[in-house]
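*Asks:* what follows is a protein structure lacking sequence information:
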């Protein structure tokens, strides 16, 4: 197996705490799967395990298949020496082991994301009838009030997204519904969004308790508390997993970070791989790339995978330009610290491996002054394209559903 020059230092890892920032298309899944196989082959003793944690269920299956293939290629038959799961699956396993430690009924049910939206929608509707409509209109500006009557359902759908994210943020910072009022004393602004959702949060918490549900945020925070309170439980999981790998950790939240750090304390072996510039979950969840930034600054070892093989030079150059523009010239100064200044480079040094040719695609970029002008330009481009390629299809990607 040949590894690129930027992947070789990662593959030399044998123990300790390592951070691996990686650009888009750098081969994060590939390298984690191969490094896990190497650890299984060279470092694990009997009954020890490698744990790989990722964000999405689809990524779990992808990792399982990748590692299985690598182990088969190297004739390694110990398939019980690793586990791949999402952070919520890990937290659920911890919580089910000792629910009594955090005063949870062992017959609790899990509220999935679809059910969560239903419950929160019901709580918002109750609040809206009681006083929410008035409060909501009070915080709209003049233009918002003018369009409210025609677009109010869209407004309330957006409000659901905000409420969902804020309640998650409150839970994961251990601010419970019953003590929120005391915390709110620090807010002087009577129109504070958190103050406004206090009733919704309390109602949501009450309904979950009545129906015997825990949502995914509850599972994370309760698993963390169980590990912290119960030394035997903590040592059991620390002993079980000798090495811990986390993928897509730019999407980690504070509790996920604490759980994995705690589980790796005994062995001292933790590898976290991610790309701050691909952090998309922070918009609507409590995840925050700052936790990965902090980890990178403190890790024993840090190696950046900066080569990407899936894109042509045109696309790489544009991606690098956009990152540089945001860091140096974005009109909102607060946004200039959102991205890492890491340049994507083309693949070099491996025979038979190269980026797609520039000739295989055309790439054009336009800077336009308004959304209306953008619509005009897109329609004009579609007309030209259809004349030249009448048998081809066109996809148009837009930032927001309402657009």
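*Replies:* In hand now; what should we look at? All of these numbers come straight from a predicted model, not from anything done at the bench.
*Asks:* which positions in stretch 84-100 come out as buried?
*Replies:* Under the neighbour-count criterion of 16 or more other CB atoms under 10 Å, stretch 84-100 has 84-88, 90-92, 94-95, 97-99 buried. The way it works is simple: take the backbone N, C-alpha and C, and place the C-beta from them, glycine included.
*Asks:* restricted to strands, list those.
*Replies:* 84, 85, 86 (DSSP state E).
*Asks:* for the chain, longest helix please?
*Replies:* Ranked by residue count and defined by DSSP state H, the top helix of the chain is helix 142-172.
*Asks:* quick check: next helix or strand after that helix?
*Replies:* helix 180-183 (DSSP states H and E).
*Asks:* what residues of the very next helix or strand once past that following helix count as buried?
*Replies:* As assigned by DSSP H and E, the chain's next helix or strand after helix 180-183 is helix 193-211. Buried residues in helix 193-211, counting neighbours by 16+ other CB under 10 Å, are found at 194, 196-205, 207-208.
*Asks:* ok, residues contacting the next helix-or-strand element following helix 193-211?
*Replies:* With elements assigned by DSSP H and E, the helix or strand that comes after helix 193-211 is strand 213-215. Residues from elsewhere that reach strand 213-215 (CB atoms under 8 Å, 6 or more residues apart in numbering): 104, 108, 109, 110, 111, 115, 116, 208, 222.
*Asks:* I'd assumed residue 95 was in contact with the first one.
*Replies:* Spelled out, that is residue 104. Yes: Residue 104 lies in contact with residue 95 (CB atoms under 8 Å); the separation is 6.8 Å.
*Asks:* between the two, which contacts overlap?
*Replies:* Residues within reach of residue 104 and of residue 95 at once, by CB under 8 Å, 6+ apart, are residue 222.
*Asks:* so, low pLDDT: which residues of the stretch 151-300 of the chain?
*Replies:* 186-192, 281-286 (pLDDT under 70).
*Asks:* wait, what's in contact with the nearest residue to residue 301 once chain neighbours are set aside?
*Replies:* Counting by CB to CB, 6 or more residues apart in numbering, residue 18 is the residue found nearest to residue 301 once chain neighbours are left out, at 4.4 Å. For residue 18, the contact set (CB under 8 Å, 6+ apart) comprises 10, 270, 271, 272, 299, 300, 301, 302, 303.
*Asks:* in its sheet, what does whichever helix or strand residue 18 is part of sit against?
*Replies:* Taking DSSP H and E as the criterion, residue 18 maps to strand 17-21. When pairs are called by DSSP bridges, strand 17-21 turns out to pair with strand 270-274 (parallel), strand 301-302 (parallel).
*Asks:* deepest in the core, which of these is it.
*Replies:* Sort the strands paired with strand 17-21 by mean neighbour count, taking mean count of other CB atoms under 10 Å, and strand 270-274 sits at the top with a mean of 26.
*Asks:* just checking, next helix/strand downstream of that strand?
*Replies:* helix 290-298.
*Asks:* quick one: residues in contact with that next one.
*Replies:* With CB under 8 Å, 6+ apart as the criterion, helix 290-298 contacts 17, 19, 21, 249-250, 252-254, 257, 272, 274, 276, 302, 340.
*Asks:* closest one to residue 232 out of the ones in strands among the buried residues of stretch 84-100, please.
*Replies:* residue 85 (21.8 Å; CB to CB).
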